[in-house]
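Participant: take this sequence and fold it.
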Amino acid sequence: MIDRVARSRATFLGRFPELTEAVDAQSAQSSMVREGDAAVDISFGERRIYGGDACRMSRDQVDGFLQKPLRLIMESPGAGGLVSQVCIDLMLAMERTLKEAGVSELSRGPISAPTFLVVFGIGLGYHLSDLIRRTGARWVILVEPFAEFIGYSFEAVDWSAIFAQIDAVDGDIHIVTDIDPARMVAAIMRHVTAHGAPYLDGSWVFTHYPLWAFAEASKRLHGAAEFAYINRGYFEDELVMMTNAVTNFAQHSFWLLDTTLRRHRPETVVIVGAGPSLDEAIETLHRIRDRVVLFSAGTALRPLLKHGLVPDFHCELENGPQVYETISEAKAHGDLSPVRFIASSTVDPRVASLFGETILFFRDSVSPSMILADETGTMVGAAPTCVNTAIATACRLGFTNFILFGVDCGMRPGTPDHAEGTIYRDIDKWRKYLEKRAQYSIQVEGNFGGVVLTNWVYDASRRLLMELIAAFRVNVVNCSDGALIVGATPRVPESIEIDGPVLDHARLVDELKRTMTHCVPGELLRGDRLLVVRRQAQALYRDLRRLVDGFDRTTADFAGVFNALSDFVRNAGDSYGHMETIPDGSLHALPRIGMFYGCRSSEPGIRQRLFAQFCDEVTRAFDAMERQTEALFEQLAKVVDARAAITAQ
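Facilitator: You can find the predicted model right below:
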């Protein structure tokens, strides 16, 4: 036993040195129960985890689990977010191949794909080797919030042998030690993302011993997996964003908000979202309006205008035509000429003309920013909602004191999900639009206690707000009766008082402008940047075709294509002028669809046929994307030339 303990500890020390130190430093709240030299249980006072023979119980538990396993199964390729035409074309081609081969039914889950095993609880560890072997998982994520248990497991199991199992299949073991369910799930998903979201399909989820945090994390993990599996960003959307950005730069004068650090400002900023608790804050907003800088976010603009509250700044993030439609409708309720519009450069080019002045920024990760931003920097933390945009841009402008109203990031059970006066409450078209998309399946702690219902978009918004608050070290008061935002102080709206004189808003705006760059139409498009990347796009698609053509069509190596394309994008650097960011989302989605079909067939011949069809379709997709990219740059060249002609007159 002494040799096994030494081997296990040495193995852990080599792979997890910081965790091993934590195990050694842990003040034990429990004790290990032995029978002779054998570790048989863990005791918390009078309570035992296993109730006897841990080895036998673990073996029986694994047997029972495998008879009725809990797995994360993606029920259709549509779970990956089939919004891209090239992805839809691939799906239809794969289904045609199956039909031609006489295959009418596939396995519900993947048969041959490498996948994850998530284990809630290490305990003494007797279950691990058997569980890894019998599930065939390549990547194992172990969640154990009690570091002392890991130390106990050194006596019970040989960790060097467990790691050898994983090394033999070129896998990996990750260990999560958080006890907070939300942080558990976030850590699990970080490890998943590092290996690739497509491998989530078919993942195993095993709970070893009962713990409230495990139960909550397991419940949340299903939603997090579905959210991660959805393809965010796709080829056609990037074409829209490139078109919008170049058109905005060509047609409008605007102020460019870069990521330069600015001097802190003393004024209080009020951020208004469209959450239902905004209804209770209108009186307070009227009372403090003259002493604060007012930012409205997204659909909060309309109820503010209806109540006679005109913001200093209005923030938008999305690139679709609905932004223009909703703001055009909101304009009927108030004058927007005094309002400064803050938006991603990818916003619909028609929107800027609705406001008095425009401030644009480069949104992080999207293709126009990667291709055109140069040294100006991209705005981190401005997604996924307009509230995130408002706080991220206000922080970059130098503000450090914030009050949040209507930033609910969800809703109380039994209440509407948006404030009165929003288009989602007042206009039937938009009410139906939201009903098709609104699902609130996650429960989180409320800002004033109790339970708040949210979804993965709003919960991601809330978590990124927490990160912004911590990163910028700003002071935030949250008057919203929604989800708790850690780092923001809960206060009821009626308690808010703003000391000091009435603000000179015109002077404040002039001071802010002096920290930004004013751009005239066409200024950011001068030079040959678009011409250069147009040529680099041709090289990009040529090399993508070569990559797929290099695969042996008889191998049915769907995962190999996914890994190769992921590595291609990851290692592209500046080889293609960041042109790979245009097809990036679809480059990850295409092999995901191929894996969905190819890894569910037990017949080698069928898998080969599917893989050959998959490679052909992916090559055709590259051809189609190259044609559309060339058409995009042809269109962009006309936009730039038209601006140059106007400037020359």
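
Participant: got the CA positions of the helix or strand harbouring Arg302 in CSV?
Facilitator: In this structure, Arg302 sits in helix 301-306 according to DSSP states H and E. These are the backbone C-alpha positions of helix 301-306, laid out as CSV (Å, rounded to 0.1, in the frame of the first residue of the first chain):
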residue,chain,number,x,y,z
LEU,A,301,-35.3,52.8,-25.4
ARG,A,302,-39.0,52.7,-26.2
PRO,A,303,-40.4,52.6,-22.7
LEU,A,304,-38.0,55.4,-21.7
LEU,A,305,-39.2,57.6,-24.5
LYS,A,306,-42.8,56.8,-23.7
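
Participant: can you name every helix or strand that the helix or strand just after it contacts?
Facilitator: Going down the chain from helix 301-306, the next helix or strand is strand 313-316, by DSSP H and E. Here strand 313-316 touches strand 293-297, helix 322-330, strand 340-344, helix 386-396, going by 3 or more CB pairs under 8 Å, 6 or more residues apart in numbering; DSSP states H and E. Heads up, the C-betas are built off the backbone N, CA and C, glycines and all.

Participant: can I get the ones you listed in JSON lines including mean pLDDT and distance to Asp557?
Facilitator: Putting the helices and strands packed on strand 313-316 into JSON lines (pLDDT from 0 to 100; distance: least, CB to CB, whole Å) gives the following:
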{"stretch": "strand 293-297", "mean pLDDT": "98", "distance to Asp557": "46"}
{"stretch": "helix 322-330", "mean pLDDT": "96", "distance to Asp557": "41"}
{"stretch": "strand 340-344", "mean pLDDT": "98", "distance to Asp557": "38"}
{"stretch": "helix 386-396", "mean pLDDT": "98", "distance to Asp557": "39"}
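
Participant: what sits closest to Leu90 if chain neighbours are left out?
Facilitator: Glu617 (4.8 Å; CB to CB, 6 or more residues apart in numbering).

Participant: how close does the closest residue to Glu95 other than its chain neighbours sit to Arg425?
Facilitator: Ranked by CB to CB, 6+ apart and with sequence neighbours excluded, the top spatial neighbour of Glu95 is Tyr597, at 7.8 Å. Using CB to CB, to the nearest Å, Tyr597 is found at 42 Å from Arg425.

Participant: who has more neighbours, those two?
Facilitator: Tyr597 (26 against 20; other CB atoms under 10 Å).

Participant: could you check how far the more buried one is from Met94?
Facilitator: According to CB to CB, Tyr597 stands 4 Å off from Met94.

Participant: which helices and strands sit right next to the lengthiest helix in the chain?
Facilitator: Of all segments of type helix in the chain, defined using DSSP state H, the longest is helix 604-648. For helix 604-648, the elements it packs on are helix 85-100, helix 235-251, helix 529-549, helix 558-570, helix 584-598, judged by 3+ CB pairs under 8 Å, 6+ apart.

Participant: can you do 6 Å?
Facilitator: helix 85-100, helix 235-251, helix 529-549, helix 584-598 (3 or more CB pairs under 6 Å, 6 or more residues apart in numbering; DSSP states H and E).

Participant: pick the most buried one from the ones you listed.
Facilitator: Most buried of the helices and strands packed on helix 604-648 by mean neighbour count (mean count of other CB atoms under 10 Å) is helix 584-598; its value is a mean of 26.

Participant: quick check: mean pLDDT across that helix?
Facilitator: Mean per-residue pLDDT for helix 584-598: 90.

Participant: other residues contacting that helix?
Facilitator: 77, 80, 84, 86-87, 90-91, 94, 113, 198, 231, 233-235, 558, 561-562, 565, 569, 607, 610-611, 614, 618 (CB atoms under 6 Å, 6 or more residues apart in numbering).

Participant: quick one: work out the angle between it and helix 235-251.
Facilitator: With axes from the mean of the first three to the mean of the last three CA atoms, to 10 degrees applied, the angle from helix 584-598 to helix 235-251 works out at 170 degrees.

Participant: so, low pLDDT: which residues of the stretch 351-500 of the chain?
Facilitator: By pLDDT under 70, the weakly predicted segments of the stretch 351-500 of the chain are 375, 435-438.

Participant: typo on my end, the chain
Facilitator: By pLDDT under 70, the weakly predicted segments of the chain are 1-2, 79-82, 230-232, 375, 435-438.

Participant: neighbours of the closest residue in space to Asp335 that isn't next to it in sequence, just the number please.
Facilitator: In space, and not counting its chain neighbours, Asp335 is closest to Val310: 6.8 Å by CB to CB, 6+ apart. The number of residues packed near Val310 is 17, by other CB under 10 Å.

Participant: need phi/psi at Val310.
Facilitator: Per-residue torsions, Val310: phi -100, psi 120 (degrees, to the nearest 10).

Participant: mind checking how far it is from Glu329?
Facilitator: Per CB to CB, Val310 is found 16 Å from Glu329.

Participant: could you list the domains of this structure?
Facilitator: Per automatic domain parsing, the domain ranges recorded for the chain read 2-73+111-229, 254-411+453-482+492-519, 528-648.

Participant: so of the ones you listed, which one's packed in deepest?
Facilitator: domain 254-411+453-482+492-519 (a mean of 20).

Participant: that domain spans what distance, first to last residue?
Facilitator: End-to-end span of domain 254-411+453-482+492-519 (CA to CA, to the nearest Å): 5 Å.

Participant: pull the distance from it to the chain's centre.
Facilitator: How far domain 254-411+453-482+492-519 lies from its chain's middle: 21 Å, per CA atoms, centre = their mean, to the nearest Å.
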